[in-house]
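K.L.:
Provide a 3D model corresponding to the input given below.
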Amino acid sequence: MAYQNIYLPHYSVGEGCYREIPFVTRHYGKNAVVIGGRTAMEKAKDAILRGVAGSAVRIRDFLWYGGDSNLENIEKLRRDPRVQRADLLFGVGGGRACDTVKALGDLTDRPVFTFPTLASNCASCTNLSVIYNNDGSFREYYYEKQPACHTFINTRIIAESPGRMFWAGIGDALSKEYEVVFACRGKKLGHLPLLGLGIAKTCAAPLLSLGKRALEDCKERRASSELEQVALDIIMLTGIVSNCTVHQNQPDPKNNYYYNSSLAHCVYYGSSLIPACGKHLHGEIVAFGVLCLLTYDGQLEERDRVIAFNRSIGLPVTMAQIGLSEADLPVVAQKAASVVEWKYAPGNPTEQKFIRSILDADTAGRRALENGR
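P.N.:
Numbers count the residues shown, from 1 in each chain. A predicted model of the protein is given here:
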């Protein structure tokens with residue numbers, strides 16, 4: 001008999017949310033190991049220790065995740081005796097740290113709790129990890145059986161995070177609504193993806209209306225209501241949508257359906273092969289990818305509106321701003337055409353049309369810069 005397990009993320013939010021760690025974890029065990037980025041753990045360590053003080057939860061160690069979400073780092077952690085003795089895995093940091101710990105928890109059948117210290121993407125609450133090769137290029141997706149058991153979003157820590165990462169998070173989150181609506185077109189959707197589509201349609205408006213103010217607050221280290229709303233958009237709204245993809249984020253061949261991401265992220269995955277793009281952040285490149293998707297889909301008025309928004313906060317609107325040149329585009333398109341998003345995009349995309357949309361988006365962006373719009 002066919003069946004589905006449906007997991008939607010649980011989360012706590014606010015400056016004091018780490019105080020909820022003992023309550024949230026009470027049924028899962030007592031011995032926790034914290035795994036994350038070095039800087040992230042330094043920022044969150046005292047708050048986590050205060051959060052569990054006087055409770056049954058014991059933090060046994062703080063371990064560096066290895067610097068990237070690749071199979072080698074996951075395997076190294078899996079063999080670590082400190083991980084093997086732990087009841088609970090706490091993943092602390094940005095997307096690659098959380099992706100590493102989620103995959104590790106899935107492989108070792110241990111409960112994972114995530115503590116994003118950046119509002120840069122939705123990795124902390126999805127049941128999907130992006131796995132990279134040792135050279136930093138995209139390798140594959142790893143699909144966990146469920147998302148983290150709980151995500152703790154400390155807005156004080158996020159307000160004190162680098163503004164550049166928050167900025168890139170806005171660019172990444174902006175893709176969700178446009179990619180999902182595009183990828184769902186003409187598809188037969190059941191309960192779960194319909195839920196995701198409905199939530200996706202709430203993602204763009206808070207970013208476009210509050211994003212500039214929230215970014216200013218992050219740069220001024222203010223844990224404002226605008227910052228909280230945009231952080232929840234980046235981390236949770238987009239993550240919930242991702243988790244509403246059928247079959248634990250995997251494609252549904254029967255209905256020719258997949259919407260975890262689409263052509264905006266294809267631009268990113270293709271650019272991962274271009275050395276000059278390596279110095280640019282994921283969300284930075286995806287922000288330009290949104291313009292390419294809207295161009296590809298003929299939504300030129302909306303594209304121009306997003307160009308204006310991108311310009312207002314300094315997100316890219318041209319190829320040059322992300323290190324791409326026209327000579328790179330055949331490589332970008334070939335890589336894009338190899339990932340799952342391409343196969344399930346509506347309208348049978350072609351590499352030629354994809355390249356044309358990148359060039360046309362670049363032209364529109366350069367025109368906006370020249371005209372000061």
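
K.L.:
so what's the residue count around Thr151?
P.N.:
Neighbours of Thr151 under the rule other Cβ atoms under 10 Å: 28. C-beta coordinates here come from the backbone N, C-alpha and C atoms, glycine included.

K.L.:
shouldn't it be in contact with Ser124?
P.N.:
Yes - contact criterion Cβ atoms under 8 Å: Thr151 and Ser124 qualify, at 4.9 Å.

K.L.:
give the next helix or strand downstream of the helix or strand of the chain with the lowest mean pLDDT.
P.N.:
In the chain, the helix or strand scored least confidently by mean pLDDT, DSSP states H and E is helix 246-249, which has a mean of 47. Moving toward the C-terminus from helix 246-249, the next helix or strand (DSSP states H and E) is helix 263-271.

K.L.:
now that following helix: mean pLDDT?
P.N.:
Per-region confidence: helix 263-271 scores 95 on mean pLDDT.

K.L.:
endpoints of stretch 217-236, how far apart?
P.N.:
One end of stretch 217-236 to the other measures 20 Å (Cα to Cα, to the nearest Å).

K.L.:
swap in stretch 153-172?
P.N.:
The first-to-last residue distance of stretch 153-172 comes to 18 Å (Cα to Cα).

K.L.:
hang on, the earlier thing: any residues in contact with both of Thr151 and Ser124?
P.N.:
Jointly contacting Thr151 and Ser124 under the rule Cβ atoms under 8 Å, 6 or more residues apart in numbering are Thr114, Phe115, Pro116, Ile235.

K.L.:
return the subset of those residues lying in strands.
P.N.:
Judged by DSSP state E, the shared contacts of Thr151 and Ser124 include Thr114, Phe115, Pro116 as members of strands.

K.L.:
show me what the second one is bridged to.
P.N.:
Pointing back at Phe115 there. As for beta bridges, Phe115 partners with Val92 under DSSP bridges.

K.L.:
ok, back up a step: ranking the ones in strands among the shared contacts of Thr151 and Ser124 by neighbours, who comes first?
P.N.:
When neighbours are counted by other Cβ under 10 Å, Pro116 leads these with 35 neighbours.

K.L.:
if I pick it, what's in contact with it?
P.N.:
Gly93, Gly94, Cys98, Ala123, Ser124, Thr151, Ile153, Ile158, Ile235.

K.L.:
could you dump the residues you listed into a markdown table with pLDDT added?
P.N.:
Formatted as a markdown table, the contacts of Pro116 follow (pLDDT from 0 to 100):
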| residue | pLDDT |
| --- | --- |
| Gly93 | 97 |
| Gly94 | 92 |
| Cys98 | 97 |
| Ala123 | 93 |
| Ser124 | 96 |
| Thr151 | 98 |
| Ile153 | 98 |
| Ile158 | 97 |
| Ile235 | 96 |
